[in-house]
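The amino acid sequence is not available; the structure is as follows:
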């Protein structure tokens with residue numbers, strides 16, 4: 001049986017994860033956004049709030065799902081999706097993006113995969129965030145933007161560590177790091193294409 005070829009992409013909000021994912025999907029990978037899996041659940045879990053998919057609500061939802069469904073619940077869903085479509089199309093491998101939990105990073109690396117971290121300065125990401133709000137996201141101050149993200153950096157008290165996001169851990173395990181502080185989308189794509197040449201060609 002052919003070994004699963006897997007690539008993971010991690011990074012904070014508006015760092016450029018989706019842009020990088022698009023390049024890999026266009027080159028033949030089957031992409032699954034772990035963030036979208038959580039986002040769909042957060043819309044239901046926090047439907048009575050004006051900002052169901054805020055960073056804080058998505059973090060709470062992801063932690064709750066890991067506690068109730070297992071630390072690898074999002075990966076299990078991604079693998080199931082890949083298993084279904086791989087029978088009908090010849091994909092180069094599986095791409096999972098919005099990697100934020102240790103269980104996700106460890107799975108990728110334990111299967112010989114590549115884990116890419118996309119970095120961008122906080123103020124730059126905040127500006128992008130204010131310019132590209134999703135439905136279900138309320139406008140927040142920079143201070144609140146950072147406060148909510150801090151919940152994802154290290155395990156919070158009162159919840160088992162394995163059930164939480166820990167982007168500090170994910171970043172520390174990255175096999176490749178990409179910077180995306182500019183405002184030239186094509187320049188970022190060109191840089192990313194060079195770094196990931198072996199996966200895109």
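That came through fine. Note that the structure is predicted; figures quoted are calculated from it, not measured. Numbers count the residues shown, from 1 in each chain.

Look at the residue nearest to residue 107 when sequence neighbours are not counted and give its secondary structure.
Leaving aside its sequence neighbours, residue 107 sits nearest to residue 75 (C-beta to C-beta, 6 or more residues apart in numbering; 5.6 Å). Heads up, the C-betas are built off the backbone N, CA and C, glycines and all. Here residue 75 is helix, with the state taken from DSSP: H, G, I helix; E, B strand; the rest coil.

could you pull out the helices for the chain?
17-26, 34-45, 55-69, 73-85, 102-110, 122-131, 142-150, 167-173, 185-195, 197-200 (DSSP state H).

one step back: next, count neighbours for the residue nearest to residue 107.
Using other C-beta atoms under 10 Å, residue 75 is surrounded by 24 other residues.

Now for it: which residues touch it?
34, 96, 103, 104, 107 (C-beta atoms under 8 Å, 6 or more residues apart in numbering).

Going by neighbour count, which of the residues you listed comes out on top?
Neighbour max across the contacts of residue 75 (other C-beta under 10 Å) = residue 96, 31 neighbours.

Show me the shaky parts of the chain.
Within the chain, the stretches with pLDDT under 70 are 1-3, 136.

rerun at 80
Applying pLDDT under 80 to the chain picks out residues 1-4, 86-88, 133-138, 154-163, 201.

hmm, back to that, take the contacts of residue 75 and write them to TSV, including distance to residue 144.
As requested, the contacts of residue 75 are exported to TSV (distance: C-beta to C-beta, whole Å):
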residue	distance to residue 144
34	24
96	28
103	28
104	26
107	32
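
Now flag whichever of these is closest to residue 134.
Among those, residue 34 lies closest to residue 134 (C-beta to C-beta), at 16.0 Å.

if we take the contacts of residue 75, which one ends up nearest to residue 9?
Nearest to residue 9 out of those is residue 96 (C-beta to C-beta; 7.4 Å).

Who are the contact partners of the closest one?
Neighbour list for residue 96: 6-9, 31-34, 74-75, 78, 104, 108 [criterion: C-beta under 8 Å, 6+ apart].

hmm, try it at 10 Å
Residues near residue 96 by C-beta atoms under 10 Å, 6 or more residues apart in numbering: 6-10, 21, 29-35, 37, 74-75, 77-79, 81-82, 104, 107-108, 113, 115.
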